[in-house]
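> sequence and predicted model, in that order:
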Amino acid sequence: MTHSMTGYGKHSVSYKGRVLTIEIRSLNSKQTDLNVRMPAIYREKEFELRDLLSNKLHRGKIDLSIQRDLAPGEASTNLNDKLVKTYYDRIKKIEAELEEPGADTATEYIALITKLPDTLKPVSEDLDEDEYVALVSGLEKSLEMADGFRAQEGAKLEVVLRASTESIASLLKSIEPLEVERLAKIRAKLQAGIDEIKDLQKFDSDRYEQELIYYLEKLDITEEKVRLQAHCDYFLKTLAEEHLKGKKLSFIAQEMGREINTLGSKSQNSDMQRVVVEMKDELEKIKEQVLNVL
């Protein structure tokens, strides 16, 4: 089955009233590029979470986002009571010295003071192992969803890649009747040139035949056709059988391109060159789509 590197998965789990939301996004990339955003309490488990991601998704630009919503009534910060009172006393003292009217109520002072440094501090807590188990469970669900999304996108990619490869193979077969005509025209053109100089100088017919054979052999495209057909067959076989095949398909497409370019350079025939241009168009579709194959 063909998988794309484009995927998305999101799942939420609950633990003691807390809601943990795990979201995964992935796009195509030559290597594994992981970007993880999570609350500080989970940082000690970051390497384990990264391993889970890379083992399941293998390759691509992967973004993992974990959101931790606290249970009702649960606080994430503590108020430093002593420091708040110290700030309050100092502000009142400065106010008296400046003889300026201050806030009407202590509540307004508190609103100002809580914005000052160190009045609010995060609650220090250790990660509960059961909470981590719940988090991993949610991550695995998100990974399943992302992998399913990748499979759906991969199925679409496979249709496009198969159609373009089969089109190249079909175009290759259309070259065969043109090849006979091409060689006949080349031979006739060479013969016409020789006929013009026969009466002007001594002419060695045996040497002419040797040179003609050598020249026609250099223009022969039999090997290129055989190799291109073999590459097309191998591409389709790899597309159908293997799982992690994106890089391999890209390498095969490069080899297909080499043979198509050689066909174009050897053709010396306008009809064949038009066929080669169509092949290149289909190959560009393959190269574009194969970049997203896992």
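Arrived safely.

> contacts for stretch 24-38?
With contacts defined as CB atoms under 8 Å, 6 or more residues apart in numbering, stretch 24-38 is touched by 4-10, 46, 49-50, 53-54, 57-66, 142-143, 145-146, 150, 291-292. All C-beta atoms are positioned from the backbone trio N, CA, C, and that covers glycine.

> which of those residues fall within strands?
7-10, 60-66 (DSSP state E).

> top of those by neighbour count?
Neighbours here mean other CB atoms under 10 Å. Within these, the largest count is held by residue 60, at 28 neighbours.

> quick one: contacts for that residue?
Counting by CB under 8 Å, 6+ apart, residue 60 makes contact with 5-7, 26-29, 32-33, 294.

> find the nearest non-adjacent residue to residue 290, please.
residue 249 (4.8 Å; CB to CB, 6 or more residues apart in numbering).

> please apply the same query to residue 127.
Nearest residue to residue 127 in three dimensions, chain neighbours excluded: residue 41, at 5.4 Å (CB to CB, 6+ apart).

> my guess is that neighbour contacts residue 70. True?
No - using CB atoms under 8 Å as the test, residue 41 is too far from residue 70 to be in contact (11.0 Å).

> more crowded one of those two?
For residue 41 and residue 70, the more surrounded residue by other CB under 10 Å is residue 41, and the numbers stand at 19 against 13.

> tell me if that one really is in a helix.
Yes - assessed by DSSP: H, G, I helix; E, B strand; the rest coil, residue 41 belongs to a helix.

> which residues of the protein score low on pLDDT?
Per-residue confidence of the chain (counting by pLDDT under 70) places the weak regions at 73-81, 83-84, 87, 94-125, 183-184, 190-218.

> mind running it again at 80?
70-127, 177-220, 242, 267-269 (pLDDT under 80).

> give me the domain ranges for it.
Domain ranges of the chain: 7-73+129-151, 77-122, 154-290, per automatic domain parsing.

> related to what we said a few turns ago, max pairwise distance over the ones in strands among the contacts of stretch 24-38: which two?
By the measure CB to CB, 60 and 66 form the most distant pair in the ones in strands among the contacts of stretch 24-38, at 18.7 Å.

> could you give the number of residues near residue 129?
Counted with other CB under 10 Å, the neighbours of residue 129 add up to 8.

> can you tell me how far it sits from residue 44?
Residue 129 sits at a distance of 11 Å from residue 44 (criterion: CB to CB, to the nearest Å).

> what do you get for residue 274?
With the distance defined as CB to CB, residue 274 ends up 63 Å from residue 44.

> same question for residue 151.
The separation that residue 151 has from residue 44, given CB to CB, amounts to 33 Å.

> neighbour count winner among these two?
Comparing residue 151 with residue 44 by other CB under 10 Å, the one with more neighbours is residue 151, at 15 against 11.

> now for the closest residue to that one other than its chain neighbours: which residues touch it?
Nearest-residue entry for residue 151: residue 3, 5.7 Å, with adjacent residues in sequence omitted and distances by CB to CB, 6+ apart. For residue 3, the contact set (CB under 8 Å, 6+ apart) comprises 147, 150-151, 153-154, 243, 293-294.
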